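**Student:** give the three-dimensional model of this entry:
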Amino acid sequence: MQRKMFVALAGSVVVLTSVAVSGFLVLGGPIGGLRAEVTVDNADIGIPGISKMYEARLLNQGPWPIRVHYCAFVDDTNSPGTMVAYAVERWDQDSRSWKTIVKASGADFCKPYPLGIVRANLKSRLLWPGQSLSTGEEATAARDGFNIGDRARFVIFPGPEGSSSGVATSNFIIDEHRQTDEPLRIRH
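**Tutor:** Below you'll find the model as predicted:
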């Protein structure tokens with residue numbers, strides 16, 4: 001009887017230690033097990049020249065759960081949703097570095113705004129192996145700062161607000177641009 005109780009207790013300690021270690025991976029070192037993927041879907045969102053929506057997903061492909069931070073919100077249609085903090089970057093050939101074009105992270109992340117988010121709360125949870133969280137879809141090619149032929153990528157920030165550790169998607173080519181001179185006003 002005591003041996004069974006010891007085995008059960010030892011197993012619990014291993015699980016709790018694994019969860020603590022996986023939490024450390026997000027906050028303090030390499031982000032083991034997390035991978036970012038980008039998907040592109042065709043859509044008609046009413047912006048002339050734009051036919052694609054981009055979305056990045058943070059996936060846990062490791063053997064342990066990893067604590068991630070995200071925004072739980074209710075939008076202006078009273079629908080619930082979630083999204084992780086992210087940036088969209090453009091490759092600058094002259095400086096040979098990635099330049100931030102969109103920053104949906106930091107102090108402005110997960111805040112209500114008109115015609116978008118009505119209520120928002122920063123939360124955290126364990127992302128179990130095989131689970132994912134999304135940035136939500138956006139019309140990346142319509143953003144100011146991108147031109148046809150530019151290379152772009154998403155960087156997802158799974159850590160707490162202000163954390164600089166990010167997981168980047170593979171890069172993709174911008175192959176369309178909006179056909180209007182009016183500035184685009186998209187807010188997250």
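**Student:** secondary structure class for Ala107?
**Tutor:** Following DSSP: H, G, I helix; E, B strand; the rest coil, we place Ala107 in the helix state.
**Student:** roughly how far does it sit from Ser51?
**Tutor:** Separation of Ala107 from Ser51 (C-beta to C-beta, to the nearest Å): 33 Å. Bear in mind the C-beta positions are built from the backbone N, C-alpha and C, glycine included.
**Student:** same deal with Arg67?
**Tutor:** Applying C-beta to C-beta, the value for Arg67 to Ser51 is 37 Å.
**Student:** what's the neighbour count on Ile50?
**Tutor:** 20 (other C-beta atoms under 10 Å).
**Student:** which helix or strand contains it?
**Tutor:** Remark: Ile50 resides in no helix or strand, with elements defined by DSSP states H and E.
**Student:** out of everything not next to it in sequence, what's closest to it?
**Tutor:** If you skip the residues right next to it in sequence, Ile50 has Ala142 as its closest partner in space, 4.7 Å away by C-beta to C-beta, 6 or more residues apart in numbering.
**Student:** against Asp41, how distant is that neighbour?
**Tutor:** Ala142 sits at a distance of 14 Å from Asp41 (criterion: C-beta to C-beta).
**Student:** who's more crowded, these two?
**Tutor:** Taking neighbours as other C-beta under 10 Å, Ala142 and Asp41 compare with Ala142 leading, 22 against 10.
**Student:** give me the pLDDT for that one.
**Tutor:** Taken from the predicted model, the pLDDT recorded for Ala142 is 91.
**Student:** comparing Arg67 and Ser51, which shows the higher neighbour count?
**Tutor:** The neighbour comparison of Arg67 against Ser51 (other C-beta under 10 Å) goes to Arg67, with 19 against 15.
**Student:** worst-scoring helix or strand of this structure, pLDDT-wise?
**Tutor:** Scoring the helices and strands of the chain by mean pLDDT, DSSP states H and E places helix 2-28 at the bottom, with a mean of 42.
**Student:** which SSE is immediately downstream of that one?
**Tutor:** The first helix or strand that comes after helix 2-28 along the chain, using DSSP H and E, is strand 34-42.
**Student:** orientation of the very next helix or strand once past that next one relative to strand 34-42 in degrees?
**Tutor:** Along the chain past strand 34-42, the next helix or strand (assigned with DSSP H and E) turns out to be strand 52-60. Direction vectors for strand 52-60 and strand 34-42, defined by axes from the mean of the first three to the mean of the last three C-alpha atoms, to 10 degrees, enclose an angle of 160 degrees.
**Student:** name the helices or strands packed onto strand 52-60?
**Tutor:** strand 34-42, strand 132-134, strand 151-157 (3 or more C-beta pairs under 8 Å, 6 or more residues apart in numbering; DSSP states H and E).
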